[in-house]
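S.K.: here's a sequence, model it:
(chains A, B, C, D, E and F)
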Number of protein chains: 6
Amino acid sequence: MKRVVTLGEIMLRLSTPGFERFVQADSFDVCYGGGEANCCVSLSNYGLETRFVTKVPDNEIGQSAVNSLRRYGVDTSFIPRGGDRLGIYFLESGASQRPSKVIYDRAHAAIAEAKSDEFDWDGIFEGADWFHFTGITPALSDAAAELTLAALKAAKAKGITVSVDLNYRKKLWSQAKAQEVMTKLMEYVDVCIGNEEDAEKVFGIKAQGTDIHKGEINHVAYEEVAKQIIEKFNVKLVASTLRESYSASDNGWSAILFDGEKSYLSKKYDLRIVDRVGGGDSFASGLIYGLVTELPYQEALEFAVAASALKHTIPGDTNHVSKEEVLTLMGGDGSGRVQR
Amino acid sequence: MKRVVTLGEIMLRLSTPGFERFVQADSFDVCYGGGEANCCVSLSNYGLETRFVTKVPDNEIGQSAVNSLRRYGVDTSFIPRGGDRLGIYFLESGASQRPSKVIYDRAHAAIAEAKSDEFDWDGIFEGADWFHFTGITPALSDAAAELTLAALKAAKAKGITVSVDLNYRKKLWSQAKAQEVMTKLMEYVDVCIGNEEDAEKVFGIKAQGTDIHKGEINHVAYEEVAKQIIEKFNVKLVASTLRESYSASDNGWSAILFDGEKSYLSKKYDLRIVDRVGGGDSFASGLIYGLVTELPYQEALEFAVAASALKHTIPGDTNHVSKEEVLTLMGGDGSGRVQR
Amino acid sequence: MKRVVTLGEIMLRLSTPGFERFVQADSFDVCYGGGEANCCVSLSNYGLETRFVTKVPDNEIGQSAVNSLRRYGVDTSFIPRGGDRLGIYFLESGASQRPSKVIYDRAHAAIAEAKSDEFDWDGIFEGADWFHFTGITPALSDAAAELTLAALKAAKAKGITVSVDLNYRKKLWSQAKAQEVMTKLMEYVDVCIGNEEDAEKVFGIKAQGTDIHKGEINHVAYEEVAKQIIEKFNVKLVASTLRESYSASDNGWSAILFDGEKSYLSKKYDLRIVDRVGGGDSFASGLIYGLVTELPYQEALEFAVAASALKHTIPGDTNHVSKEEVLTLMGGDGSGRVQR
Amino acid sequence: MKRVVTLGEIMLRLSTPGFERFVQADSFDVCYGGGEANCCVSLSNYGLETRFVTKVPDNEIGQSAVNSLRRYGVDTSFIPRGGDRLGIYFLESGASQRPSKVIYDRAHAAIAEAKSDEFDWDGIFEGADWFHFTGITPALSDAAAELTLAALKAAKAKGITVSVDLNYRKKLWSQAKAQEVMTKLMEYVDVCIGNEEDAEKVFGIKAQGTDIHKGEINHVAYEEVAKQIIEKFNVKLVASTLRESYSASDNGWSAILFDGEKSYLSKKYDLRIVDRVGGGDSFASGLIYGLVTELPYQEALEFAVAASALKHTIPGDTNHVSKEEVLTLMGGDGSGRVQR
Amino acid sequence: MKRVVTLGEIMLRLSTPGFERFVQADSFDVCYGGGEANCCVSLSNYGLETRFVTKVPDNEIGQSAVNSLRRYGVDTSFIPRGGDRLGIYFLESGASQRPSKVIYDRAHAAIAEAKSDEFDWDGIFEGADWFHFTGITPALSDAAAELTLAALKAAKAKGITVSVDLNYRKKLWSQAKAQEVMTKLMEYVDVCIGNEEDAEKVFGIKAQGTDIHKGEINHVAYEEVAKQIIEKFNVKLVASTLRESYSASDNGWSAILFDGEKSYLSKKYDLRIVDRVGGGDSFASGLIYGLVTELPYQEALEFAVAASALKHTIPGDTNHVSKEEVLTLMGGDGSGRVQR
Amino acid sequence: MKRVVTLGEIMLRLSTPGFERFVQADSFDVCYGGGEANCCVSLSNYGLETRFVTKVPDNEIGQSAVNSLRRYGVDTSFIPRGGDRLGIYFLESGASQRPSKVIYDRAHAAIAEAKSDEFDWDGIFEGADWFHFTGITPALSDAAAELTLAALKAAKAKGITVSVDLNYRKKLWSQAKAQEVMTKLMEYVDVCIGNEEDAEKVFGIKAQGTDIHKGEINHVAYEEVAKQIIEKFNVKLVASTLRESYSASDNGWSAILFDGEKSYLSKKYDLRIVDRVGGGDSFASGLIYGLVTELPYQEALEFAVAASALKHTIPGDTNHVSKEEVLTLMGGDGSGRVQR
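M.R.: Okay, the predicted model is just below:
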């Protein structure tokens, strides 16, 4: 069985029930998530072996984060305990013209202040086939950027395939800082995933003629961007989701993959959204699944898009769908008839 | 006032809250339902007298099932107690491309092991105008098939009109077994209701050129199927809902009725779905209401379709709408303006 | 900072969870609201000073109503205590073809039996720039109609601008009675707001060729109605929301404003509805905000429509959106992308 | 099977979750109850036939009240529809030194304004063995007092045994008014139940040397009071619960019965209270059960006390215990060991 | 680190919220548990390695049961999938004089129909120090009894210490059958745990002069029973909890251990009960912890009693306390002061 | 009307539902609280004017904290916005031998990094009669200690009475640091409140012969401690609650006040605890109420103890009781009889 390792932050997610706004809430729904952790859960659900690496505080909140991963089969045995706190994010779900809103309270998280020598890199990457990280981790702090670099070096030393999801977060760092740090890390990357804004914000590479607030999609422009990334960083594959945001309730959802020579365009799904947080992570994990199990590129892409389409219908950060459910949707049955 | 009797299984329904998947659930919403029980509740809501016949275990779970029917005015005084358990089904509600999923845990239910002599057929059918059952009941077990036959004989002996909703369930029996058993029971049936797949699965009668997973509808083909059913089983009326499954969230909904000579096609509703379980039962009960109160066929059909359109907006198995609410929708007001 | 005063009833709202019907509910969600109170909360959220005037019973239910306003910054220091009870309304939320339903239990509310001399009109209107009421308040009782008249006289004596939202409620009074009372009160009104039915029901002024149950909109007819209102009552502005009710789940939403010479038509939003109660109030408060802060008419109208579009996505009676959120939507970003 | 009829008000009960105070509540738990209705549910749970008579408004709130009784097997077929509203009471549950608190909002309830000729007294009392009412019903209004009198006359004309639970409510009427009205009604009463304060408040008959706020009990004094009631009103039996209120969480609970010659004292239970509302009603219904099924007085009393002890552990107004459960506790097993 | 293996059934537990009775419940709280599974979770919480062996159906309900164990660190990699269903039990929590009530619906569970050759016994016991089972497992079915025997043989072949918790369940088998089967299994047992009734029901060995329904405890009699068990079955240790059931809310809780020569009596705790299900399992796992980590007998016993005292304050089947928390209570701090 | 000002931190409190442990929680109940904020709410509930001073982040979480105070009538107009975050604390409620547990996540809160010149001290203390703070505020950070000092100087300059609740928190600072800082602040204090451990931890003044973990109380020793505090810091009054912790569920609760000459001992209450967080704050606010309204010392103390006894029965940090409710309990009625 293939094994995938990821490194990153796992946060306590506190979301208002239903469509309540923050100022109305008397309780928060609790789950735990983060880009890389979400990928591990998805990949475990598809039957792969996964291992998540982070650091959590030595208290019940940290333990609960670990438990949320063990519950779905993720190996958490390489997670040191210590530091001050677990990062938190608050979420209220939007609808129609009202966007979902996230308030981050993640500064000083244990993982943001962790050091490379707290981790057993050799054990971590033993038997691993793939290593995945996102642009959020190095953005957390200089220490976290160094940690990411250490992980990449260790992974590459073992000949492990590396993917990155760029995931630019403007509240974590400036574009200049992002470009400086990420450029260094891209040296180790084989597969680069980014949504519409990332390439521009992180590398200054712009998809011409696209205005994401209008929901327009320009495949030609995306291909151009992908080409530039491949040339600049010598990666093998570049992939991007294509989200058409009609509203907070309804999105168009497809993706594109470029292998340096040919671009693959997926089927498009019209989504009624239940919870779109983690949508990008579910695409990344779907794509990793397809690539690590050596599906043809078009199939790997369709798997990733179908998987992430389903994620938008599931509350929480993580994508609880089986391989069979993804294949059924890829196979064309999106009729939503009751499965008895 | 007209009185309708139904016979069948009532199950404990355990559904995940909101759009949670089974593996996420920390609580289940509880209700009780089953095809024939659901019909009784609907018909009571329209003002008819109804009586539900089943068998439940002699414990609080069985009693709660009975109570869920008494609450809405269904006569439950002919329900013997005993047997091992109440059947259970687990439900998670789908959305968009993700279908709803049902896990059945109904084997060894009290009703599946009940015998005809436990029931006071004479009392059960006293004063009754109509008897309704579904293809699920005889599928439960050989004993349940015999029980159904006994009920049909008793009903026919009193000259009561009989309707069936074919409701083929592939997990309960094979097509061959279904055809064998149902063919015998059809001898007693006056009105035959089936959705798109039932005629083919139960009787091998196929609607040409229809692919239910594509959501296409072919009225001519349906009429042809209905004709065959009428000829083969000498029933008076054949009716079918026409569900166009765009997704788990959005369906088109209409129906067709054939009286051997003429086919009646209803208005079509575009549904935003809250809970589609029991949608077929709400159509059956709407149609029974129309026929037993002697509405013209077109009106009876429109009543049934409007009633079942409303069901799709109500959580739980049963249809809590009044006759007046159905008539308002039939009359053309589907604007959804607040009723103050 | 501008200060707005409103006078009216605040009720205990008891709504069924999710899409449950009344007969299914085992708990009610609790909030407190009423047309004029809702306006105060909205206006406080935009940063204005607001004061709500009513009377509540001297018990914890009355106090909770007051607290629900203080919580969002509304001045409640001019609310006398006494009388028998707080009015109540029960709400079940509709979906698709099933309309939302309201059951009122508001007779004998404290405010309906309050007398003018229980209120310190001088204090109430001190420093106020605007006074707003709705047609619901004078409809509550003869006493309440007198109270409204007293408030209007006191407001006018201080030169305060007055707006009314006609809000005809057929369960509270007849058209004849409404016309008699409202005609007297219109003498004090500067800005008249009404939805589609109000002008006809209250003043017998009909928008030609509009059938609200069909969801058709006829701007020319509305302009004609507005003109008649302006001529008859010498008001400065007439505004109306234009709701196209496709279903209980989906509405078109725009508005029109007429200043006696020119009519302004807003952008139209396609709404997925979470909770449409208070939609009209959120329009009124948005318009008051625009007018009292002296935005150009077109902008004031766009602010009001965008604000009330957002309201439809928020559970409860009141509109919890900031000025910035409204401006973002007005500015064209209705894409619903996550705000991080 | 014995049949018991009761007449009275059924109210919507809105209680705060857990131990929340009114001002903290964002939702209310919903149930329906009232002294006489509670008795019917209890008696149905013991296997008797019961019929509840009241009037409810012709809306879904009224229907829900009716459904709450049908659910547990109470015959509700003699309940006319009409009037303005269903009475409401708000409840917050106390603990330790903090008492539970009730806010009534019951004025203008349908039953309070009902007239005798709306009821089919002949049908109501057909086949009845016992009629029970409480002092709350005549206290609701003069109309309700007349209604009670009409019911008593009809019951007596059929030779039915009559019981009353005095249940003095100071917010409904004065002691003087109570004494005037109740004295007239006592003429028809065979069994008189009252708690510690009732005899004094309603008839001016005082138990010497008892201070209910101290939780002291004086059996001799109670016997003296009972004797006076028997002499004055010619009733056959007088019974009283003996509540020792150590706190809102812990009570001592026993009862006394006097038959004119001998007084019977029950076992005493130390209660940890979950919900004490309806505790008196569960005693009354337990006693009625014992008397109508002709248990010896001591056993009837023990049944009533054990039944009502159990009620204190059940949320809601009504007592959901079986005859077998009461008998087990009467038999001495109060160990609370898990029943598997 | 020590490793403990257990074999048994894991069930879906459906419990009513708060103190609701079954007939009142509209939702069930969900957890998963069973005697041996509960022990694994406790032991994992103390830092040991644990492995749970069972069989679950190949659906999401079975998977959720497995996830509930992985979440807390239990190794579930030796659990085959298949069979018809997961066993279910329904629970309502008692209070005061009302006992908690359990309704079992566990017939035909996957584990009850599993065969020995579906399990990799060699892998299961690799590296194990202790094997624990309860008398429930062999009681499930003849197949399960054989399975238990196979496990015992495999464990003993590896020289693993074996403990049993007798746990007699009268609904699963007769005393005669229990005695026949358990006598055979006792041959492999080193440590025998039983509560007050088990020795008598399973082996006909009675503690003289103890009436469990009276809550009396007779240590001398218990010692006598233990002595007989040791003599008859050649076990090394016999332990028993001593529950004094004052009521469903309050219990006395202590335990006794006999090593053939000396008996050890623990400290006694007065418990306010939150959830007593799993109390015995938490004692067994506490004792196993003490014995496998080679604490002196008195300390091991005190650890077990303190651990299980804490369990009574935690909702659900499993005991979520750390070793440190148990040691603190053993050390004498039961003051319940807030830990900040 | 008297006005009380307090300064301190308000935190987001996230508590597990019911008795769930942190690792079990899928949702958190939300409220906002902190020692000084809790006092303001209590005092507003008694009818005084109150003003709370803090700093909150400029986001919806900060605003929600402010709203939670406005809701109950606290003046929040002197709260600057800014800084990084609102402090958080996680709470699980204990029972019986299991203590409640608090996890703090309060570092880097806005108030901990606020500077004195962000506050309008003149406005803050305008019209104030009393200023209250706790030992928690200066413990937050050096900046917060300076802020506290600035407030004290401003208050004293206006001749305002000052009280402190020592509230030593070992996770915030060492005893040495506490002693150094608090000694400086005591110069401005008139009334010193402390629970059992504070005097020793903060000032090294020990109550002889008291072991708080045993729940023993030694009044003489307390008086000795109080005398030392008065002598050392020249305060006028020293008060202390006397908590006897039998368990997490049951406490004895009384208090002592010393005026330098005479010591006053209150009545003692046996508490069944619902939520003991904020118990000390409710005592402090009760005492402030008594002193600022000039009740005799014994009465002020009884008011404080009765008020805080009631707090233990109310969920959340704050004490929602009226002056009348406190007086009733002081007057001796702790019987817990239903208030109708």
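S.K.: so who does the one residue sitting closest to the centre of chain A touch?
M.R.: Centrality entry for chain A: nearest residue to the mean C-alpha point is A:Asp281, 2.8 Å, by Cα atoms, centre = their mean. Contacts here follow Cβ atoms under 8 Å, 6 or more residues apart in numbering or on different chains; on that basis A:Asp281 touches A:Gly35, A:Glu36, A:Asn38, A:Cys39, A:Ser42, A:Thr134, A:Asp165, A:Asp317, A:Thr318, A:Asn319. The way it works is simple: take the backbone N, C-alpha and C, and place the C-beta from them, glycine included.
S.K.: out of those, list just those in strands.
M.R.: Judged by DSSP state E, the subset of the contacts of A:Asp281 located in strands is A:Thr134, A:Asp165.
S.K.: any chance of the contacts of A:Asp281 in CSV, with pLDDT, distance to chain E and neighbour count too?
M.R.: Conversion of the contacts of A:Asp281 to CSV gives the following (pLDDT from 0 to 100; distance: Cβ to the nearest Cβ, whole Å; neighbours: other Cβ atoms under 10 Å in any protein chain shown):
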residue, pLDDT, distance to chain E, neighbour count
A:Gly35, 97, 22, 26
A:Glu36, 98, 19, 28
A:Asn38, 98, 17, 30
A:Cys39, 98, 18, 35
A:Ser42, 98, 15, 30
A:Thr134, 98, 25, 28
A:Asp165, 98, 26, 28
A:Asp317, 97, 16, 27
A:Thr318, 97, 12, 30
A:Asn319, 97, 15, 28
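S.K.: which of the contacts of A:Asp281 come close to chain D?
M.R.: Among the contacts of A:Asp281, none lies close to chain D by the criterion of Cβ under 8 Å from any Cβ of the partner chain.
S.K.: dump the contacts of A:Asp281 to CSV, plus distance to E:Glu223.
M.R.: Formatted as CSV, the contacts of A:Asp281 follow (distance: Cβ to Cβ, whole Å):
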residue, distance to E:Glu223
A:Gly35, 61
A:Glu36, 58
A:Asn38, 57
A:Cys39, 59
A:Ser42, 57
A:Thr134, 64
A:Asp165, 66
A:Asp317, 56
A:Thr318, 54
A:Asn319, 58
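S.K.: buried residues, the helix or strand containing A:Trp253. List them.
M.R.: Using DSSP states H and E, A:Trp253 sits within strand A:250-258. Buried positions in strand A:250-258, judged by neighbour count with 16 or more other Cβ atoms under 10 Å in any protein chain shown: A:Asp250, A:Asn251, A:Trp253, A:Ser254, A:Ala255, A:Ile256, A:Leu257, A:Phe258.
S.K.: show me the contacts for the residue of chain A found nearest chain B.
M.R.: Closest residue of chain A to chain B, Cβ to the nearest Cβ: A:Gly336 (2.9 Å). Counting by Cβ under 8 Å, 6+ apart, A:Gly336 makes contact with B:94-100, B:245-249, B:251.
S.K.: mind listing which of the residues you listed are in strands?
M.R.: B:Ser245, B:Asn251.
S.K.: what lines up beside the strand or helix carrying A:Tyr32 in the sheet?
M.R.: Taking DSSP H and E as the definition, A:Tyr32 sits inside strand A:27-33. Note on strand A:27-33: by DSSP bridges, its sheet partners are strand A:11-15 (antiparallel), strand F:27-33 (antiparallel).
S.K.: hey, which of these is tucked in deepest?
M.R.: Ranked by mean neighbour count, the strands paired with strand A:27-33 are led by strand A:11-15 with a mean of 25 (mean count of other Cβ atoms under 10 Å in any protein chain shown).
S.K.: spit out the contact partners of the residue in chain A positioned nearest to chain C.
M.R.: Per Cβ to the nearest Cβ, A:Ala248 is where chain A lies closest to chain C, at 2.8 Å. If a contact means Cβ under 8 Å, 6+ apart, then A:Ala248 has A:Ser93, A:Gly94, A:Ala95, A:Ser96, A:Gln97, A:Arg98, A:Pro99, A:Ser100, A:Ile273, C:Thr313, C:Gly336, C:Arg337 as its contacts.
S.K.: next, give phi and psi for it.
M.R.: When read as degrees, to the nearest 10, the backbone of A:Ala248 gives phi -70, psi -20.
S.K.: hang on, isn't A:Gln339 packed against B:Pro99?
M.R.: Yes: under the criterion of Cβ atoms under 8 Å, A:Gln339 makes contact with B:Pro99 at 5.0 Å.
S.K.: between these two, which one's more packed in?
M.R.: Using other Cβ atoms under 10 Å in any protein chain shown as the criterion, A:Gln339 and B:Pro99 rank with B:Pro99 on top: 25 against 15.
S.K.: residues contacting the more buried one?
M.R.: With the criterion set at Cβ under 8 Å, 6+ apart, B:Pro99 makes contact with A:Ser335, A:Gly336, A:Arg337, A:Val338, A:Gln339, B:Ala248.
S.K.: kindly recompute the last result at 7 Å.
M.R.: For B:Pro99, the contact set (Cβ atoms under 7 Å, 6 or more residues apart in numbering or on different chains) comprises A:Gly336, A:Arg337, A:Val338, A:Gln339, B:Ala248.
S.K.: ok, now how distant is A:Asn319 from A:Ala304?
M.R.: Distance, A:Asn319 to A:Ala304, using Cβ to Cβ, to the nearest Å: 11 Å.
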